[in-house]
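Trainee: sharing a model prediction with you, sequence too.
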Amino acid sequence: MAAHLPDLTSVPAPQQVYAADGTRLATYTWGELDAPMVVAVHGFASSARDNWALTGWVRELIRAGYRVLALDQRGHGLSAKPHESGAYGIRTLVEDVESVLDAYLVDDAFYVGYSLGARVGWEVVRELPHRIGRAVLGGVPDGIPLARLNLEQLRAYLADGTPVDDRTTQNYIALTERVPGNDLRALVALAEGMRASRTIDPDPSDAPTRPILFATGSKDAIIEGSKALASAAPNGTFFEIPDRNHFNAPGSRAFKEAALAFLAQ
């Protein structure tokens with residue numbers, strides 16, 4: 001296995017899985033077939049390649065003896081990118097993960113998610129505790145999904161290139177344009193779809209009961225909300241990723257080490 005480790009920052013050709021509504025999802029696997037499975041779900045405006053392969057997560061998980069199954073969430077990477085807000089919603093994204101688990105015949109796995117992938121993971125672990133033994137949820141925000149994005153400025157930027165002055169929205173646009181294959185219109189639709197309900201999510205009063213490691217950067221504006229969710233989870237623990245913000249936390253060695261130690265418990 002060690003001979004192949006230098007290649008683990010690359011991404012194999014995707015295997016296509018079709019979601020319950022027919023949306024095409026790109027999936028990727030690394031590692032030995034009989035190794036314990038880790039399902040990895042990336043954040044908003046990212047991809048399996050950007051969030052997990054290029055940051056070294058795949059390499060470290062394989063070294064630790066796991067098999068990795070990652071997907072490009074709908075609207076991202078090499079998956080289909082609907083432009084209608086109705087194609088997106090937390091329930092739909094959870095069902096996408098379940099469809100991937102079913103397609104790969106995975107009945108027992110660990111879950112690692114970041115940002116949007118962590119928010120989805122909260123629901124996956126809550127709804128599928130018989131299939132997810134424990135989870136790592138990095139940079140998981142509380143409150144209305146993607147509420148910090150200024151959608152009005154995003155729409156104007158898409159329409160005629162009007163400059164965006166909201167700092168958080170600028171950061172998301174920069175991330176979107178940096179990751180190959182991103183489609184800003186699809187990501188705006190995703191944000192609109194997830195915010196449509198105007199409800200608080202995740203719900204701390206209905207927290208998943210499986211062991212969960214919550215991890216958020218010390219310089220991330222959402223850290224207090226992440227700590228609150230960790231406190232609400234019956235078997236939740238919290239790790240503060242030192243000197244990292246929301247956008248660079250996935251590359252932290254300390255984060256990877258804490259996650260691997262937690263999964264090995």
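Mentor: Nice, thanks for sending it over. In this text the structure is predicted, and so the values were computed from the model without any measurement.
Trainee: show me what Val38 is bridged to.
Mentor: On the basis of DSSP bridges, Val38 is bridged to Val68, Phe110.
Trainee: what residue ranges in this structure score low on pLDDT?
Mentor: For the chain, the stretches flagged by pLDDT under 70 are 1-7, 143-145, 197-200.
Trainee: residue closest to the middle of it?
Mentor: When C-alpha atoms, centre = their mean is applied to the chain, the residue found nearest the centroid is Gly117 (2.1 Å).
Trainee: what residues does it make contact with?
Mentor: If you count contacts by C-beta atoms under 8 Å, 6 or more residues apart in numbering, Gly117 has them with Ala40, Val41, His42, Gly43, Asn51, Gln73. Quick note: C-beta positions are derived from backbone N, CA and C, even for glycine.
Trainee: for it, which three-state class applies?
Mentor: Under the three-state scheme (DSSP: H, G, I helix; E, B strand; the rest coil), Gly117 adopts helix.
Trainee: double-check Ser115 against Gln73; I have them as touching.
Mentor: No: Ser115 is not in contact with Gln73 according to C-beta atoms under 8 Å; the separation is 10.7 Å.
Trainee: Tyr157: which element?
Mentor: Using DSSP states H and E, Tyr157 falls within helix 151-160.
Trainee: that older thread, measure the residue nearest to the centre of the chain to Ser205 for me?
Mentor: Noted for Gly117: a distance of 23 Å to Ser205, by C-beta to C-beta, to the nearest Å.
Trainee: check Ser226 too.
Mentor: Ser226 is 17 Å from Ser205, by C-beta to C-beta.
Trainee: quick one: which of those two has more around it?
Mentor: Ser226 (24 against 7; other C-beta atoms under 10 Å).
Trainee: which ones are touching that one?
Mentor: Contact partners of Ser226, counting by C-beta under 8 Å, 6+ apart, are Gly139, Val140, Pro141, Asp142, Phe214, Ala215, Thr216, Asp220, Phe238.
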